[in-house]
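Enquirer: Sequence first, then the predicted structure, then my questions.
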Amino acid sequence: MPTKQTPLEHIAQQIKNNPVMIYMKGTPQLPQCGFSQRAAQVLIESGVSFAYVNVLQDTKILSALLNYANWPTFPQIYVDGELIGGCDVILELQATGELQPLLDAASNRKLSD
């Protein structure tokens, strides 16, 4: 009988399996808060593939994420398995030109695995 994953194990697997991952309120197509909307838009504009989880649909993931990386707000954006931050951080990285190379490198590494 398979062992059921804990929410923290499930989060760890999602982050490991997706080079760019956003945990957000809503979906990229229908965000439920302005910060999630802006962050998702930046990722969409980058042109790289990314995965997302709507934390409003899964309260176990929502509460586990608050402990996973000790980041108290959403969205939470992970690149190459590391939390890079929320909306403010991704917007700052975009403004300085640092975001696109970071996303491209993560995406390229996954393609070559």
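Expert: That came through, no problem. Keep in mind the model is a prediction, meaning the values are calculated, not measured. Residues are numbered from 1 along each chain as shown.
Enquirer: Need the per-residue pLDDT for residue 2.
Expert: pLDDT for residue 2: 55.
Enquirer: do the one 10 residues further on as well
Expert: Note on residue 12: pLDDT of 95.
Enquirer: for it, what are its contacts?
Expert: Listed by CB atoms under 8 Å, 6 or more residues apart in numbering, the contact set of residue 12 reads residue 68. All C-beta atoms are positioned from the backbone trio N, CA, C, and that covers glycine.
Enquirer: Show me the strands in this structure, by range?
Expert: Using DSSP state E, the strands found in the chain span residues 20-24, 51-54, 76-79, 82-85.
Enquirer: For the nearest residue to residue 31 once chain neighbours are set aside, give its distance to residue 30.
Expert: Closest residue in space to residue 31, ignoring its immediate chain neighbours: residue 37 at 3.8 Å, by CB to CB, 6 or more residues apart in numbering. Look at residue 37 and residue 30: by CB to CB, to the nearest Å, they are 9 Å apart.
Enquirer: on that earlier part again, would you mind telling me which of the strands of the chain is nearest residue 10?
Expert: The closest of these to residue 10 is strand 51-54. By CB to CB, the value is 9.5 Å.
Enquirer: centre of the chain versus the closest one, how much separation?
Expert: Here strand 51-54 is found 7 Å from its chain centre; the criterion is CA atoms, centre = their mean, to the nearest Å.
Enquirer: cool, stretch 4-15 as well?
Expert: Taking CA atoms, centre = their mean, one finds the center of stretch 4-15 at 14 Å from the center of the full chain.
Enquirer: quick revisit: more neighbours: residue 37 and residue 30, which one.
Expert: Between residue 37 and residue 30, counted using other CB atoms under 10 Å, residue 37 has the larger neighbour count: 18 against 10.
Enquirer: from what I can see the more buried one touches residue 27, true?
Expert: No: the pair formed by residue 37 and residue 27 falls short of the contact definition of CB atoms under 8 Å, at 10.3 Å.
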